[in-house]
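Novice: model the structure of this input:
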Amino acid sequence: MVALFFWYNDVHWFLSAIGRLFLIQLAPYWNWSPLYNAKCLLETGKTFTTRTVHVALSSSEMDDENCVLCEFIDFIPTVSNITFFFIQQHYLESAVPVVITDSHQVLRVQDLFDVIFLKSSNFLKNQPCDVSTNLLIKKFFNMEAALIKAAKLLKFEKKWFLQFRNCQLEAVKLARAFILRPYYYPKHLSSAYTTWLLMSHNYRSKEMRILRTQGLIIMQQLLGDLVVKLMAKEPCTVNCPNIHLLLKQGESLIFTTDLWILSYGFTTEFSSNATSVTTIMEIQWDI
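Specialist: Below is the predicted model:
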């Protein structure tokens, strides 16, 4: 009996060791650790398990943990003679929008039309997206016809505006003739995957227009002024204030859409220039 007892213990220890090794090998595929100290291996009717489901956020929503970033932003800082590294480190990484006051030279509107019609005529053949204008009704809209009409109406007091986005790759490339990179644009940053052109003459918006942008946004005011509004995404609208600013010619606004939704309005109230020209670059942004 004594021999049998020791034989049984040896066999039990051997089988237990094999079992432990098997469970260790099984751990990467099945997490059995919660069962180790469980009082019962079978679930009763009163036992519930909780599973966390991660729901994808829409373009107008964000993680509520990031709302603390914008709670106390009540103005947009301005800088000049700057590098992109400084902009990223001090502003973009904490979702703070920033205005660059010496971003580019002021543009003459006639120079813009000359570049479009003479140096990038193929650009006019592309079909833009997100078009909004009072120059032509939508079913008659044609890029070349709209820009020719806009150029002619500069001599008159006619009130007009034009908004469009270059969504075709060829159009984005051709638009680089007049949508130029600012001096702080780093070489390692990818090119804009889509661009916008906003123009107006003697026109004042009755309401702000929301633009559905994505990524890193560089908004350059080439001529005149533009009213800009940045609104925090849900659920941060309760704690974070809306930010309003007047973007002046020669300035650019930089921000990321991780936190902010962009809207704008044309104005003639603050500028002696009746014409406004704005370009927007949307750039893929992954920190």
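
Novice: pull the number of nearby residues for the nearest residue in space to Leu226 that is not next to it in sequence.
Specialist: Closest residue to Leu226 apart from its sequence neighbours, by Cβ to Cβ, 6 or more residues apart in numbering: Leu247 at 4.7 Å. (Each C-beta comes from the backbone N, C-alpha and C, glycine too.) By the criterion of other Cβ atoms under 10 Å, Leu247 has 21 neighbours.

Novice: need the helix or strand of this protein with the lowest average pLDDT.
Specialist: helix 2-26 (a mean of 57; mean pLDDT, DSSP states H and E).

Novice: and the helices in the protein?
Specialist: 2-26, 84-90, 109-114, 143-153, 169-174 (DSSP state H).

Novice: got the contact list for Leu246?
Specialist: With contact taken as Cβ atoms under 8 Å, 6 or more residues apart in numbering, Leu246 is in contact with 225-228, 267, 270.

Novice: point out where the stretch 1-150 of the chain drops to low pLDDT.
Specialist: 1-63 (pLDDT under 70).

Novice: ugh, wrong one, I meant the stretch 151-287 of the chain
Specialist: 271-272, 287.

Novice: so what's Met246 bridging to?
Specialist: One thing to correct before we go on: residue 246 is Leu, not Met. Val227 (DSSP bridges).

Novice: separation between it and Val227?
Specialist: Using Cβ to Cβ, to the nearest Å, Leu246 is found at 6 Å from Val227.

Novice: overlap in contacts of those two?
Specialist: Thr267.

Novice: show me what counts as buried in stretch 147-167.
Specialist: Neighbour counts over stretch 147-167 (16 or more other Cβ atoms under 10 Å) mark 147, 149-151, 160-167 as buried.

Novice: can you redo those as JSON lines with distance to Pro128?
Specialist: Below are those laid out as JSON lines (distance: Cβ to Cβ, whole Å):
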{"residue": "Leu147", "distance to Pro128": "11"}
{"residue": "Lys149", "distance to Pro128": "15"}
{"residue": "Ala150", "distance to Pro128": "14"}
{"residue": "Ala151", "distance to Pro128": "17"}
{"residue": "Trp160", "distance to Pro128": "17"}
{"residue": "Phe161", "distance to Pro128": "15"}
{"residue": "Leu162", "distance to Pro128": "10"}
{"residue": "Gln163", "distance to Pro128": "9"}
{"residue": "Phe164", "distance to Pro128": "4"}
{"residue": "Arg165", "distance to Pro128": "6"}
{"residue": "Asn166", "distance to Pro128": "6"}
{"residue": "Cys167", "distance to Pro128": "7"}
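
Novice: many thanks, I have nothing further to ask.
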